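# sharing a model prediction with you, sequence too.
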Amino acid sequence: MGNPAFYQALILNCSQTLAGLKTGTVFNITRESDPVSGADIDLANRLLNRKGIWLCMTENTPGCPLVYVFRRSQLARDLNQDKARAILRTYGYPVPSGSDPVSVDECVAFLVRRLTKASGFPHEIGLFLGFPAEDVEGFIRNRGEGCRLCGYWKVYGNEQEAKRQFERFQKCAGIYRRSLNRQPNICRMTAAG
């Protein structure tokens, strides 16, 4: 079933996305310790696309590729919210005017280009990871300062809902981490959606 180290990294880093709790995850892989090839990404896509999961890889640091794993339907929903559309438009993403839907493929391609050119992460990446648009907007406006809560992301909006979400994420990560002892099947561990 492909590169076992890569599938282990997917399970460890992407549990919430695989379980359907989170829109997306981005993580680094060092080529020396966990070599990943385009063939690994292609195979994972063949296995997981039918479950609604897509993967792409880019490098914003030489020798340290970033893997972006996302739920296509959730990303389409997230990016088509009014506040998200406004944020994306600010950074030059291809957002149509009116109520025409945002193209997930075009926005992901634009994000990958921004990641490749940037020395860090573009702040709007939170929209691609499922963070609430009001928190992404707050992070950008406040330059990461003055948040109400810091967990899986910096919270500027609904603190109580974020706390509940962080607890769900933590519980999910623990379940997936413990499953590694049983050599899990990535397809069986991925919720359809």
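Yep, that arrived. Numbers count the residues shown, from 1 in each chain.

# assumed Val69 was part of a helix.
No - remark: Val69 does not belong to a helix; assigned using DSSP: H, G, I helix; E, B strand; the rest coil, it is strand.

# look up how far Gly92 lies from it.
24 Å (CB to CB, to the nearest Å). The C-beta positions use only the backbone N, C-alpha and C, and glycine is treated the same way.

# of those two, which one has the most company?
Val69 (24 against 9; other CB atoms under 10 Å).

# which strand residues bridge that one?
Thr25, Leu55 (DSSP bridges).

# state the phi and psi torsions of Met57.
As for Met57, its main-chain torsions (degrees, to the nearest 10) stand at phi -130, psi 140.

# return the distance of the helix or strand bottoming out on mean pLDDT in the chain from the chain's centre.
Ranked by mean pLDDT, DSSP states H and E, the weakest helix or strand in the chain is strand 53-61, scoring a mean of 84. Remark: strand 53-61 is offset 10 Å from the chain centroid, using CA atoms, centre = their mean, to the nearest Å.

# over to stretch 160-173?
How far stretch 160-173 lies from its chain's middle: 16 Å, per CA atoms, centre = their mean.

# quick one: contacts of it?
15-16, 19, 21-22, 132, 135, 149, 151-153, 155 (CB atoms under 8 Å, 6 or more residues apart in numbering).

# drop anything exposed from the residues you listed.
Neighbour-count burial (16 or more other CB atoms under 10 Å) applied to these gives 15-16, 19, 21-22, 132, 135, 149, 152-153, 155.

# alpha carbons only: can I get the least confident helix or strand of the chain in PDB?
Taking C-alpha atoms only, strand 53-61 is exported to PDB below (Å, rounded to 0.1, in the frame of the first residue of the first chain):
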ATOM      1  CA  ILE A  53      -9.800  13.500   0.600                       C
ATOM      2  CA  TRP A  54      -7.300  15.200  -1.700                       C
ATOM      3  CA  LEU A  55      -3.500  15.700  -1.300                       C
ATOM      4  CA  CYS A  56      -1.000  17.900  -2.900                       C
ATOM      5  CA  MET A  57       2.700  18.600  -2.200                       C
ATOM      6  CA  THR A  58       4.800  21.800  -2.600                       C
ATOM      7  CA  GLU A  59       8.100  23.000  -1.200                       C
ATOM      8  CA  ASN A  60       8.400  26.400   0.500                       C
ATOM      9  CA  THR A  61      11.700  25.300   2.100                       C
END
